[in-house]
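Engineer: Sharing a sequence plus its predicted fold:
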Amino acid sequence: MKSAARTAKSHSRSPKDRAIAWLSRHWQRRETALVLLPLAPLAFCFALLAALRRFLYRHDLLARVDLPAPVVVVGNLGVGGAGKTPLTLAIVQALRAAGWRPGVLSRGYGRLRGASEPRPVFPHSDPADVGDEPVLLALRGELPVWVGRDRARAGMALLASHPDVDVLICDDGLQHLRLRRDVEIAVFDGRGAGNGRLLPQGPLREPLSRLSRVDAVVFNGAPDARALAAFPGGATFDMRLVPGAFYRLDNPEIRCTADDLALKRLHALAGIGDPQRFFHTLERMGLAFSAHAFPDHHVYRSGDLMFASREVLLMTEKDGVKCARFRAVPDMPEIWALPVTAELPPAFFNFLLEKLKWTQNSSTSSSAPSAKANCCTRKSSRN
């Protein structure tokens, strides 16, 4: 069967989105594009401010919060998604299997309302209130999820509401230095470090030298040579996102395979950090479709989906969370969402469990069985 993504269409809706798309294209060049050279002074100022902020936290000149449970941060150095949410879900499942009781913290990117105060997330929560990825985590993870711009406050609120939780997973947050952490995991997707430059001249929020302070690096795609060079001898792991069965957005109990969709006229929609990753997944599944790329965390309107009227629309599960509210809109196309699962080697989970065990044992000489009791007096040196 011939598989191809017909001409991809960009659906950026504002000058800001178009500017970000233009920058992203140039950021992904191996060498710094000449058109980005005028941004070098801004990148230099950004680097100075980021270094000053790290210095202030490292020397306790800015207050940090130590939560009464170990904290695992899953983050990335660059802007945009890299596969952190599927990795977070895989970690949650592994910790549960090992007897831990995890909870998840998130900033809640894409929130339009109530962004200042921490709040819980439920499977039925409105992504406009809490963000798209937290709703997906609540749906798939079936565990306590709290969002807040201040992850430390969100963590305290989660633990107060769920005293049985004994480990916190922070979906994103490498740069949220106010929250002390016990394990840091940096994730890169196939885009790697791009041109290796800091914002706005490149895609990085922190320099690659930041990797010297993380515990592990996970590559969701081909390993990036510059990231490897900045993390010599460190623990690196490969991750693969495995697609599951498609499910109907208006009735998730209805499932189908790629073969069931192959003879239909298909459109594919993706509003994630790297839309091409979703399109390549569909191609590998043998599907031919017209591709439609939207900005990451795009706030969809019903009209955004009407290009596929009377045809079939495929989308990521993250987009499906935001588009579920359109199920009753007249003339809405047939929509199928594709869930993915992160697969990692057993060595990764063994590594993580050993790190948590070390944190647990080093925090106190007590032999109490409760992980939370063992971590209450913990003082992490991480910043």
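Structural biologist: Yes, it's here. Numbers count the residues shown, from 1 in each chain.
Engineer: Show me where the stretch 101-250 of the chain has its strands.
Structural biologist: All strands of the stretch 101-250 of the chain, identified by DSSP state E, counting those that start in this stretch, fall at 102-106, 119-121, 145-147, 167-171, 183-189, 216-220, 235-238, 240-243, 246-248.
Engineer: Gly155 and Ala69, how far apart?
Structural biologist: 8 Å (Cβ to Cβ, to the nearest Å). C-beta here means a position set from N, CA and C on the backbone, and glycine is covered the same way.
Engineer: hey, which of the strands of the stretch 101-250 of the chain is tucked in deepest?
Structural biologist: Of all those, strand 145-147 has the most neighbours on average by mean count of other Cβ atoms under 10 Å, namely a mean of 30.
Engineer: So in that sheet, which strands flank that strand, and in what orientation?
Structural biologist: Note on strand 145-147: by DSSP bridges, its sheet partners are strand 102-106 (parallel), strand 119-121 (antiparallel).
Engineer: need those in CSV with distance to His280, can you?
Structural biologist: Formatted as CSV, the strands paired with strand 145-147 follow (distance: least, Cβ to Cβ, whole Å):
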stretch, distance to His280
strand 102-106, 26
strand 119-121, 30
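Engineer: Which one of these lies nearest to Glu133?
Structural biologist: strand 102-106 (6.3 Å; Cβ to Cβ).
Engineer: orientation of the closest one relative to strand 167-171 in degrees?
Structural biologist: 30 degrees (axes from the mean of the first three to the mean of the last three Cα atoms, to 10 degrees).
Engineer: For Leu48, which of the strands of the stretch 101-250 of the chain is the nearest?
Structural biologist: strand 183-189 (22.2 Å).
Engineer: Please list all residues in contact with Leu67.
Structural biologist: Ala152, Gly155, Met156, Leu159, Leu168, Leu179, Arg180 (Cβ atoms under 8 Å, 6 or more residues apart in numbering).
Engineer: at 7 Å what do you get?
Structural biologist: Ala152, Gly155, Met156, Leu159, Leu168 (Cβ atoms under 7 Å, 6 or more residues apart in numbering).
Engineer: returning to what we had before: so which of the strands of the stretch 101-250 of the chain comes closest to Ser209?
Structural biologist: Nearest of those (Cβ to Cβ): strand 183-189, 12.1 Å.
Engineer: who touches the closest one?
Structural biologist: Counting by Cβ under 7 Å, 6+ apart, 72-77, 82-84, 87, 174, 211, 214-221, 224, 227, 274, 277, 352, 355-356, 382 sit against strand 183-189.
Engineer: related to what we said a few turns ago, which residues are in contact with both of Gly155 and Ala69?
Structural biologist: Joint contacts of Gly155 and Ala69 (Cβ under 7 Å, 6+ apart) are Leu168.
Engineer: give me the low-pLDDT residue ranges for this protein?
Structural biologist: 1-13, 110-115, 362-383 (pLDDT under 70).
Engineer: okay, now the domains of the protein?
Structural biologist: What automatic domain parsing lists as the domains of the chain is 71-240+344-375, 245-338.
Engineer: Same list (the ones you listed) but as CSV, adding distance to Ala19.
Structural biologist: Shown next, in CSV, are the domains of the chain (distance: least, Cβ to Cβ, whole Å):
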stretch, distance to Ala19
domain 71-240+344-375, 10
domain 245-338, 11
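Engineer: Highest mean neighbour count out of those domains?
Structural biologist: Sort the domains of the chain by mean neighbour count, taking mean count of other Cβ under 10 Å, and domain 71-240+344-375 sits at the top with a mean of 20.
Engineer: Just the C-alpha atoms of stretch 33-47, please, in PDB.
Structural biologist: This file holds the C-alpha atoms of stretch 33-47, laid out as PDB (Å, rounded to 0.1, in the frame of the first residue of the first chain):
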ATOM      1  CA  ALA A  33      21.200  30.600  10.000                       C
ATOM      2  CA  LEU A  34      22.500  34.000   9.000                       C
ATOM      3  CA  VAL A  35      19.000  35.600   9.400                       C
ATOM      4  CA  LEU A  36      19.200  34.700  13.100                       C
ATOM      5  CA  LEU A  37      22.500  36.500  13.700                       C
ATOM      6  CA  PRO A  38      20.800  39.800  14.700                       C
ATOM      7  CA  LEU A  39      19.200  37.900  17.600                       C
ATOM      8  CA  ALA A  40      22.600  37.000  19.100                       C
ATOM      9  CA  PRO A  41      22.600  40.000  21.600                       C
ATOM     10  CA  LEU A  42      19.100  39.000  22.900                       C
ATOM     11  CA  ALA A  43      20.400  35.400  23.300                       C
ATOM     12  CA  PHE A  44      23.400  36.700  25.200                       C
ATOM     13  CA  CYS A  45      21.100  38.700  27.500                       C
ATOM     14  CA  PHE A  46      18.900  35.600  28.000                       C
ATOM     15  CA  ALA A  47      21.900  33.500  28.900                       C
END
